[in-house]
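[1] here's a sequence, model it:
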Amino acid sequence: MLKGLIFDVDGVLMDSMPYHADAWVKAFEDAGIHITNMDIYEIEGSNHKSVVDIVFHKAGIEPKTSDYKTFLKRKREFFMQNNRSEPFKGMQTCLQALKGKYKLAIASGADRTIVNSLMDKFYPGIFEAIVSGEDVAHGKPNPEPYLTAAHKLGLGIEECMVIENAPLGIRSAKNAGMYCLAVPTYLPYEKLTDADMVLADHAELIAYLYKLL
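    Below is the predicted model:
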(Lines give C-alpha, C1' and ligand atoms only; values in the text may rest on other atoms or scores of the structure.)
Protein backbone atom coordinates (compact mmCIF):
# COMPACT_ATOMS: atom_id res chain seq x y z
CA MET A 1 0.00 0.00 0.00
CA LEU A 2 1.36 3.39 -1.01
CA LYS A 3 2.04 5.59 2.01
CA GLY A 4 4.91 7.86 1.03
CA LEU A 5 6.02 10.03 -1.88
CA ILE A 6 9.68 10.97 -2.25
CA PHE A 7 10.52 13.82 -4.60
CA ASP A 8 13.70 14.93 -6.26
CA VAL A 9 13.96 18.72 -6.09
CA ASP A 10 15.70 20.20 -9.12
CA GLY A 11 13.66 19.53 -12.23
CA VAL A 12 10.73 18.04 -10.30
CA LEU A 13 9.69 20.60 -7.69
CA MET A 14 11.86 23.49 -8.87
CA ASP A 15 12.83 24.82 -12.28
CA SER A 16 16.36 25.29 -10.98
CA MET A 17 18.85 23.11 -12.87
CA PRO A 18 19.97 25.88 -15.27
CA TYR A 19 21.21 27.84 -12.25
CA HIS A 20 22.94 24.80 -10.78
CA ALA A 21 24.57 24.08 -14.14
CA ASP A 22 25.65 27.71 -14.61
CA ALA A 23 27.19 27.68 -11.13
CA TRP A 24 29.12 24.45 -11.72
CA VAL A 25 30.36 25.68 -15.13
CA LYS A 26 31.61 28.90 -13.53
CA ALA A 27 33.18 27.11 -10.55
CA PHE A 28 35.18 24.77 -12.78
CA GLU A 29 35.96 27.49 -15.32
CA ASP A 30 37.71 29.52 -12.63
CA ALA A 31 39.93 26.49 -12.04
CA GLY A 32 40.73 26.13 -15.73
CA ILE A 33 38.38 23.18 -16.38
CA HIS A 34 35.86 23.76 -19.16
CA ILE A 35 32.48 21.99 -19.15
CA THR A 36 29.02 22.77 -20.51
CA ASN A 37 25.59 22.92 -18.94
CA MET A 38 24.68 19.68 -20.74
CA ASP A 39 27.59 17.94 -18.99
CA ILE A 40 25.86 18.78 -15.69
CA TYR A 41 22.37 17.83 -16.91
CA GLU A 42 23.70 14.39 -17.83
CA ILE A 43 24.86 13.78 -14.23
CA GLU A 44 21.99 15.56 -12.51
CA GLY A 45 21.30 14.00 -9.12
CA SER A 46 24.94 13.50 -8.22
CA ASN A 47 26.06 15.05 -4.97
CA HIS A 48 28.92 17.56 -5.04
CA LYS A 49 31.59 14.95 -4.38
CA SER A 50 30.47 12.86 -7.34
CA VAL A 51 30.30 15.93 -9.59
CA VAL A 52 33.89 16.86 -8.70
CA ASP A 53 35.05 13.27 -9.24
CA ILE A 54 33.33 12.95 -12.63
CA VAL A 55 34.48 16.32 -13.97
CA PHE A 56 38.06 15.98 -12.71
CA HIS A 57 38.45 12.45 -14.04
CA LYS A 58 37.03 13.49 -17.41
CA ALA A 59 39.71 16.21 -17.49
CA GLY A 60 42.38 13.65 -16.56
CA ILE A 61 42.99 15.15 -13.13
CA GLU A 62 42.89 13.45 -9.74
CA PRO A 63 41.00 15.61 -7.19
CA LYS A 64 42.64 16.39 -3.87
CA THR A 65 40.65 15.94 -0.66
CA SER A 66 40.50 19.74 -0.28
CA ASP A 67 38.95 20.15 -3.73
CA TYR A 68 35.58 18.81 -2.56
CA LYS A 69 35.04 21.60 -0.04
CA THR A 70 36.58 24.21 -2.30
CA PHE A 71 34.32 23.48 -5.27
CA LEU A 72 31.21 23.04 -3.12
CA LYS A 73 31.79 26.46 -1.56
CA ARG A 74 32.52 28.07 -4.93
CA LYS A 75 29.52 26.49 -6.64
CA ARG A 76 27.17 27.37 -3.75
CA GLU A 77 28.28 31.02 -3.85
CA PHE A 78 27.68 31.30 -7.60
CA PHE A 79 24.29 29.59 -7.28
CA MET A 80 23.06 31.79 -4.42
CA GLN A 81 24.21 34.95 -6.23
CA ASN A 82 22.47 34.12 -9.50
CA ASN A 83 19.58 31.88 -8.48
CA ARG A 84 16.19 32.79 -9.93
CA SER A 85 14.60 29.36 -9.48
CA GLU A 86 10.82 29.07 -9.43
CA PRO A 87 8.54 26.14 -8.54
CA PHE A 88 6.90 24.42 -11.47
CA LYS A 89 3.36 25.73 -11.98
CA GLY A 90 0.83 23.90 -9.84
CA MET A 91 3.31 21.88 -7.78
CA GLN A 92 2.92 23.90 -4.57
CA THR A 93 -0.88 23.53 -4.52
CA CYS A 94 -0.62 19.86 -5.43
CA LEU A 95 1.79 19.06 -2.60
CA GLN A 96 -0.34 20.96 -0.11
CA ALA A 97 -3.23 18.70 -1.12
CA LEU A 98 -1.09 15.57 -0.76
CA LYS A 99 0.22 16.55 2.67
CA GLY A 100 -1.70 14.71 5.35
CA LYS A 101 -2.78 12.01 2.89
CA TYR A 102 0.75 10.75 2.32
CA LYS A 103 4.09 11.10 4.04
CA LEU A 104 6.23 13.40 1.91
CA ALA A 105 10.01 13.55 1.63
CA ILE A 106 12.80 14.96 -0.51
CA ALA A 107 15.94 13.21 -1.75
CA SER A 108 18.19 15.68 -3.55
CA GLY A 109 21.78 15.65 -4.71
CA ALA A 110 22.16 19.37 -4.00
CA ASP A 111 23.86 20.60 -0.85
CA ARG A 112 21.91 21.19 2.34
CA THR A 113 22.14 25.00 2.30
CA ILE A 114 20.60 25.26 -1.17
CA VAL A 115 17.93 22.59 -0.60
CA ASN A 116 16.79 24.13 2.68
CA SER A 117 16.72 27.65 1.24
CA LEU A 118 14.49 26.57 -1.66
CA MET A 119 12.15 24.49 0.52
CA ASP A 120 11.85 27.17 3.21
CA LYS A 121 10.92 29.74 0.57
CA PHE A 122 8.62 27.74 -1.71
CA TYR A 123 7.45 24.61 0.17
CA PRO A 124 7.48 25.53 3.87
CA GLY A 125 6.19 22.86 6.24
CA ILE A 126 5.41 20.37 3.47
CA PHE A 127 8.04 17.68 3.97
CA GLU A 128 8.53 15.33 6.91
CA ALA A 129 12.02 14.37 5.79
CA ILE A 130 14.69 16.13 3.72
CA VAL A 131 17.77 14.30 2.45
CA SER A 132 20.44 16.45 0.78
CA GLY A 133 23.61 15.46 -1.00
CA GLU A 134 25.57 16.09 2.19
CA ASP A 135 23.41 13.70 4.22
CA VAL A 136 24.60 10.54 2.44
CA ALA A 137 27.98 8.93 1.86
CA HIS A 138 26.98 7.82 -1.65
CA GLY A 139 24.91 9.97 -3.99
CA LYS A 140 22.66 8.93 -6.85
CA PRO A 141 22.69 6.42 -8.65
CA ASN A 142 23.49 4.67 -5.36
CA PRO A 143 20.23 3.76 -3.57
CA GLU A 144 21.32 5.45 -0.32
CA PRO A 145 19.46 8.78 -0.85
CA TYR A 146 16.08 7.09 -1.35
CA LEU A 147 16.65 4.42 1.27
CA THR A 148 17.57 7.17 3.75
CA ALA A 149 14.42 9.14 2.91
CA ALA A 150 12.21 6.07 3.38
CA HIS A 151 13.89 5.30 6.70
CA LYS A 152 13.31 8.88 7.90
CA LEU A 153 9.63 8.52 6.98
CA GLY A 154 9.45 5.22 8.84
CA LEU A 155 8.30 3.39 5.70
CA GLY A 156 9.32 0.30 3.79
CA ILE A 157 10.50 0.51 0.21
CA GLU A 158 7.28 -1.08 -1.04
CA GLU A 159 5.30 1.75 0.59
CA CYS A 160 7.15 4.52 -1.29
CA MET A 161 6.95 6.06 -4.75
CA VAL A 162 9.73 8.23 -6.18
CA ILE A 163 9.23 11.17 -8.55
CA GLU A 164 12.33 11.91 -10.63
CA ASN A 165 13.49 13.67 -13.78
CA ALA A 166 17.05 12.43 -14.32
CA PRO A 167 18.69 9.12 -15.27
CA LEU A 168 20.92 8.87 -12.19
CA GLY A 169 17.96 9.60 -9.91
CA ILE A 170 15.83 6.97 -11.64
CA ARG A 171 18.61 4.41 -11.22
CA SER A 172 18.92 5.37 -7.55
CA ALA A 173 15.20 4.78 -7.00
CA LYS A 174 15.20 1.48 -8.88
CA ASN A 175 18.38 0.35 -7.07
CA ALA A 176 16.48 1.06 -3.84
CA GLY A 177 13.66 -1.19 -5.04
CA MET A 178 11.09 1.62 -5.34
CA TYR A 179 8.47 2.41 -7.97
CA CYS A 180 9.59 5.46 -9.94
CA LEU A 181 7.67 8.07 -11.95
CA ALA A 182 9.67 10.32 -14.24
CA VAL A 183 8.98 13.64 -15.91
CA PRO A 184 11.24 15.07 -18.66
CA THR A 185 12.44 18.58 -17.97
CA TYR A 186 16.05 19.15 -19.07
CA LEU A 187 16.63 15.83 -20.85
CA PRO A 188 14.46 14.10 -23.48
CA TYR A 189 11.93 11.36 -22.74
CA GLU A 190 14.28 8.72 -24.21
CA LYS A 191 16.82 9.30 -21.41
CA LEU A 192 14.26 8.40 -18.72
CA THR A 193 12.92 5.05 -19.90
CA ASP A 194 14.39 3.12 -16.96
CA ALA A 195 11.56 4.60 -14.86
CA ASP A 196 8.39 2.56 -14.30
CA MET A 197 6.34 5.32 -15.93
CA VAL A 198 7.41 8.43 -17.86
CA LEU A 199 4.88 11.25 -17.96
CA ALA A 200 4.80 13.84 -20.73
CA ASP A 201 5.23 16.97 -18.62
CA HIS A 202 4.45 18.55 -15.26
CA ALA A 203 0.77 19.03 -16.12
CA GLU A 204 0.46 15.27 -16.58
CA LEU A 205 2.47 14.63 -13.41
CA ILE A 206 0.19 16.87 -11.37
CA ALA A 207 -2.91 15.19 -12.81
CA TYR A 208 -1.45 11.77 -11.86
CA LEU A 209 -0.67 12.93 -8.31
CA TYR A 210 -4.19 14.31 -7.80
CA LYS A 211 -5.59 10.93 -8.81
CA LEU A 212 -3.75 9.46 -5.79
CA LEU A 213 -6.16 11.45 -3.62
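[2] how long is stretch 130-143 end to end?
    This stretch, stretch 130-143, spans 15 Å end to end (C-alpha to C-alpha, to the nearest Å).
[3] next one: that stretch to chain centre, how far?
    Counting by C-alpha atoms, centre = their mean, to the nearest Å, stretch 130-143 is centred 10 Å from the centre of its parent chain.
[4] for the longest helix along the chain, name the packing helices and strands.
    For the chain, the helix with the greatest residue count under DSSP state H is helix 65-82. Here helix 65-82 touches helix 17-29, helix 48-58, helix 112-122, going by 3 or more C-beta pairs under 8 Å, 6 or more residues apart in numbering; DSSP states H and E. Every C-beta, even on glycine, is put in place using the N, C-alpha and C of the backbone.
[5] Ile130 is nearest to which of those?
    Ile130 sits nearest to helix 112-122 of all the helices and strands packed on helix 65-82, at 6.3 Å, using C-beta to C-beta.
[6] hang on, Lys75 packs against Ala27?
    Yes - counting by C-beta atoms under 8 Å, Lys75 does reach Ala27; the two are 4.3 Å apart.
[7] hmm, Val131 is touching Ala105, no?
    Yes - contact status for Val131 versus Ala105: in contact at 7.0 Å, counting by C-beta under 8 Å.
[8] which neighbours do those two share?
    149, 152 (C-beta atoms under 8 Å, 6 or more residues apart in numbering).
[9] redo the helices and strands packed on helix 65-82 as CSV? Include distance to Leu212.
    Output for those, formatted as CSV (distance: least, C-beta to C-beta, whole Å):
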stretch, distance to Leu212
helix 17-29, 25
helix 48-58, 32
helix 112-122, 21
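[10] any chance of CSV for the ones you listed, columns mean pLDDT?
    Shown next, in CSV, are those (pLDDT from 0 to 100):
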stretch, mean pLDDT
helix 17-29, 95
helix 48-58, 93
helix 112-122, 95
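[11] tell me the buried residues in stretch 9-25?
    For stretch 9-25, a neighbour-count test (16 or more other C-beta atoms under 10 Å) marks 9-25 as buried.
[12] likewise stretch 171-190?
    So stretch 171-190, judged by 16+ other C-beta under 10 Å, has buried residues 171-174, 176, 178, 180-187.
[13] cross these against strands and list the overlap.
    180-182 (DSSP state E).
[14] for those, which one is nearest Leu205?
    Leu181 (7.0 Å).
[15] so that closest one sits against Ile163, correct?
    Yes - with contact defined as C-beta under 8 Å, Leu181 counts as touching Ile163 (5.0 Å).
[16] could you list the domains of the chain?
    4-16+86-211, 17-82 (automatic domain parsing).
[17] what's the most buried one of those?
    domain 4-16+86-211 (a mean of 20; mean count of other C-beta atoms under 10 Å).
[18] that domain: end-to-end distance?
    So domain 4-16+86-211: terminal residues 15 Å apart, C-alpha to C-alpha.
[19] thank you, goodbye.
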